[in-house]
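Trainee: The following comprises the amino acid sequence and a computationally predicted model.
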Amino acid sequence: MKIREALLAGPLGFGTAPLGNMYRDIPEDEALATVDAAWDAGTRFFDTAPFYGAGLAEIRLGKALSKRPRSDYVLSSKVGRLILDEVEDPSGRDHGEKGEIFKHGRPNKIVPDYSADGTMKSIEDSLRRMRVDHIDFVWVHDIAQDFYGDRWLAMFETARTGAFRALSKLRDEGVIKGWGLGVNKVEPVELLLGLAEADPDGTLLAGRYTLLDHEMALQRLMPAAQRRKVDIVIGGPYSSGVLAGGRHFEYGAVPPVIAAKVERISALCVEYNIAIKAAALHFSLAHPASAAVIPGASKPGRILEDHAALKTKIPAEFWHELRKRGLVAAEAPLPI
């Protein structure tokens, strides 16, 4: 099943990575209140992962949603890493370019495993942590260079003969609705879409189709996804927060060139009296391959901003001017 066919309440979902204590130690009541705010605002698509705080995001999401009927929302999680009972020092983990983003999460040891058995174990563990009886969509998480360096191709091959086949079987048996990748890079999705055997239903692509970074995906990925009828879920539409007033880009410090571009986009938003969040969400959803967008949040107020942003009516003149000033690719679809 395609994501757009499964959505119950529009394309705006909630990416729960921040609930895993991303960047900071988030109080439990604040995390749960954020999920409640999303529900009250109408969110019915929730995405999470074992990697987010070594299971913490799944635990918190499950706790918050336990009072809601399971049939009333769509849930996606990820496979590719097992969370062990054994503990380790979170600050000493080797997770490539993003090694410290969850240093405030649980200390449980995280082990990569893209095999078929590892996939089944990961799903079982996620069901237990979230206290639910099924997951709708499952993404194979982070088989890309940003986490594994040049080893990522070996990881991908393990997933091809392991996770991909296991998830296709679960989908065909009706256990899950669909599967795909959950990555921050274009290349693994290109590789997936080029396989003859694999038949993914969608893919979660984080940070690669945003106002600040979209040209590679626009040229190489989105057309292929359309041809294969593979829905793209846009993660990280605010580019790690910099498009929402935050201090991060690509999970790190904001480079001067990016800060300058954000300033130019912000100035245009001020001219048209719209929030930059609104421009970011509407742009990411404008491509025909985009089925949903899942910004993250760790405070209830941020959720309300997201819903207000998506409801904003943005005049066509704004988009024409954005293109005229060279702030988006000339061939990028615009919500006009």
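Mentor: Good, I have the coordinates. Keep in mind it's a predicted model, so treat the numbers as computed, not measured.
Trainee: Check which residues of the one helix or strand Leu153 maps to are buried.
Mentor: Using DSSP states H and E, Leu153 maps to helix 152-161. Counting neighbours by 16 or more other C-beta atoms under 10 Å, one finds that the buried residues in helix 152-161 are Trp152, Met155, Phe156, Thr158, Ala159, Arg160. Just so you know, the C-beta spots here come from the backbone N, C-alpha and C atoms, and that holds for glycine as well.
Trainee: for stretch 7-19, same thing?
Mentor: Leu7, Pro11, Leu12, Gly13, Phe14, Gly15, Thr16, Ala17, Pro18, Leu19.
Trainee: Helices along this protein, start to end?
Mentor: 3-6, 28-41, 56-65, 116-130, 145-148, 152-161, 163-172, 186-193, 215-216, 222-228, 256-272, 276-286, 300-311, 316-324 (DSSP state H).
Trainee: Which among the ones you listed is found nearest to Asp47?
Mentor: helix 56-65 (9.2 Å; C-beta to C-beta).
Trainee: Am I right that Arg113 is in contact with Arg81?
Mentor: Rather than Arg, residue 113 is Asp. Yes - with contact defined as C-beta atoms under 8 Å, Asp113 counts as touching Arg81 (6.9 Å).
Trainee: Chain neighbours aside, what residue packs nearest to Asn108?
Mentor: Of all residues not flanking Asn108 in the chain, Ala54 sits nearest, at 4.3 Å (C-beta to C-beta, 6 or more residues apart in numbering).
Trainee: before we move on, what about Val262?
Mentor: Val262's closest residue in space is Val242 (C-beta to C-beta, 6+ apart), at 5.7 Å.
Trainee: Same question for Glu305.
Mentor: Lys277 (5.9 Å).
Trainee: For that neighbour, list the residues it contacts.
Mentor: Applying C-beta atoms under 8 Å, 6 or more residues apart in numbering to Lys277 gives the contacts Tyr238, Leu243, Ala244, Pro295, Glu305, Asp306, Ala309.
Trainee: Please tell me which one of those counts the most neighbours.
Mentor: The most crowded member of the contacts of Lys277 is Asp306, carrying 29 neighbours; neighbours defined as other C-beta atoms under 10 Å.
Trainee: For Leu12, see how far away the closest residue to that residue other than its chain neighbours is.
Mentor: Excluding the flanking residues, the one nearest Asp306 by C-beta to C-beta, 6+ apart is Pro295, at 5.3 Å. Shown here: Pro295 relative to Leu12, a distance of 8 Å by C-beta to C-beta, to the nearest Å.
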